[in-house]
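Student: coords please:
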Amino acid sequence: MTSISLNPHQHTLKKSVSCYGVGLHSGDPVTLTIRPASENSGIRFFRIDLDDKQGIPAHMDKVVDTRLATTIADKEKYVSTTEHIMAALQGYGVDNATIELDGAEVPIMDGSAGPFMLLLKKAGLKKQRAMRKVLRITKKIVFTSGDTEIKILPYEGFKVSGEIHFDAPIIKTQSYSIDLTSEKFAKEISRARTFGYVEQVEELWANGLAQGGNLDNVIAIHWDRNTILNEGGLRFADEFIRHKVLDLIGDLALLGCPILGHVIASRCGHTQHLGFLMALVQAADCWEIVELETKGGQSVFHQVASTTKAMSKQIIPLIVPQPLNPANNVASASC
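Tutor: Below you'll find the model as predicted:
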């Protein structure tokens with residue numbers, strides 16, 4: 001058994017909280033409510049405008065689209081732009097919650113996870129009796145797709161490092177790394193906003209997309225590539241990579257359980273995040289499922305599941321839609 005800093009107990013919210021906003025791509029108004037949920041139930045989205053009784057589990061096997069945002073679906077029901085609220089739930093330490101929406105898209109708010117973090121802090125955390133089961137990386141896993149690479153290394157905690165490369169002088173090459181805690185996520189990552197070139201936003205508008213996008217929720221990079229159009233400027237000098245790390249954390253939460261490992265990502269987006277999750281699950285000899293427990297004021301773990309694909313099918317969703325299989329992917333594992 002090994003000592004770690006991760007809280008061994010599952011958590012939900014003390015009370016329900018709600019917010020109101022618009023969908024980034026639809027422009028439609030939507031009310032979102034986050035409610036407490038029972039132990040071992042995970043995160044589940046409910047479309048109350050469709051009288052949804054079953055909900056959509058926030059799992060990688062429910063992802064149906066990764067263009068522009070991450071969309072999950074179950075039969076005729078779908079919810080898009082899940083990444084920011086999933087990142088906030090992960091960053092705040094929520095294992096179990098239900099999310100109700102009266103529309104098809106999570107509200108964009110200010111383009112970051114900051115408003116969701118404020119909402120979660122208003123609700124407060126409630127410790128549950130059940131212990132957390134986590135996926136612990138035991139060997140390196142490497143996923144590549146074109147010029148994208150995402151790898152994960154053994155690490156006694158959850159660390160995320162990212163790097164981006166853009167021709168725009170205002171971005172160029174940026175990198176950022178965070179050893180995730182709720183305090184660090186709130187301070188360093190949660191307020192970083194989504195971004196795009198102004199002509200890309202205009203093109204999306206012309207094609208009926210990003211109808212809710214404006215300078216209050218998107219960083220618009222000027223045509224000269226040296227400045228942004230937003231009057232308030234950047235919240236961080238490297239806000240672009242911080243937002244990319246935020247997106248990665250949100251998409252990784254679709255694994256369905258916490259990770260003990262160090263994720264290092266370069267030049268990636270939502271499609272590559274999903275491809276990496278697929279590669280991770282399939283590399284069953286490179287991880288184990290462990291359950292946390294408390295001993296002497298420290299969190300310790302013991303193995304509760306062998307690293308077999310049969311066990312991975314029981315614990316982590318594997319049924320990923322084939323059309324989302326990124327082309328030219330290579331996954332390898334080594335000690």
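Student: Pull out the buried positions in stretch 277-293.
Tutor: Judged by neighbour count (16 or more other C-beta atoms under 10 Å), stretch 277-293 contains these buried residues: 277-284, 286-292. The way it works is simple: take the backbone N, C-alpha and C, and place the C-beta from them, glycine included.
Student: Could I get the contacting residues of Tyr78?
Tutor: 56, 64, 71-72, 104 (C-beta atoms under 8 Å, 6 or more residues apart in numbering).
Student: which of these sit farthest apart?
Tutor: Val64 and Ala104 (12.2 Å; C-beta to C-beta).
Student: Can you say which of the contacts of Tyr78 are buried?
Tutor: Here, 16+ other C-beta under 10 Å leaves 56, 71-72, 104 buried among the contacts of Tyr78.
Student: what stretches of the chain score poorly on pLDDT?
Tutor: 1-5, 295-335 (pLDDT under 70).
Student: what about 50?
Tutor: In the predicted model of the chain, residues 1-3, 297-298, 303-314, 317-330, 333-335 satisfy pLDDT under 50.
Student: Report the central residue of it.
Tutor: Centroid-nearest residue in the chain, with C-alpha atoms, centre = their mean: Gly250, separated by 0.7 Å.
Student: Contact partners for the closest residue in space to Ala69 that isn't next to it in sequence?
Tutor: Leaving aside its sequence neighbours, Ala69 sits nearest to Thr81 (C-beta to C-beta, 6 or more residues apart in numbering; 4.2 Å). Thr81 makes contact with 23-25, 69-71, 105-106, 108 under the criterion C-beta under 8 Å, 6+ apart.
Student: Equivalent analysis for Ser80, please.
Tutor: Ser80 makes contacts with 23, 25, 65, 69-71, 104-106, as judged by C-beta under 8 Å, 6+ apart.
Student: repeat for Thr82
Tutor: 45, 58, 69-72, 106, 250, 254 are the contacts of Thr82 under C-beta under 8 Å, 6+ apart.
Student: just to revisit the earlier point, take the buried ones among the contacts of Tyr78 and write them to a markdown table, including distance to Trp205 and secondary structure.
Tutor: Shown next, in a markdown table, are the buried ones among the contacts of Tyr78 (distance: C-beta to C-beta, whole Å; DSSP: H, G, I helix; E, B strand; the rest coil):
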| residue | distance to Trp205 | secondary structure |
| --- | --- | --- |
| Ile56 | 28 | strand |
| Thr71 | 20 | strand |
| Ile72 | 25 | strand |
| Ala104 | 19 | coil |
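Student: just curious, which of the residues you listed is nearest to Val160?
Tutor: Ile72 (21.1 Å).
Student: what about that closest one, distance to Leu120?
Tutor: Separation of Ile72 from Leu120 (C-beta to C-beta, to the nearest Å): 20 Å.
Student: Okay, helices next: where are they in the stretch 101-250 of the chain?
Tutor: 114-123, 182-184, 198-206, 239-252 (DSSP state H, counting those that start in this stretch).
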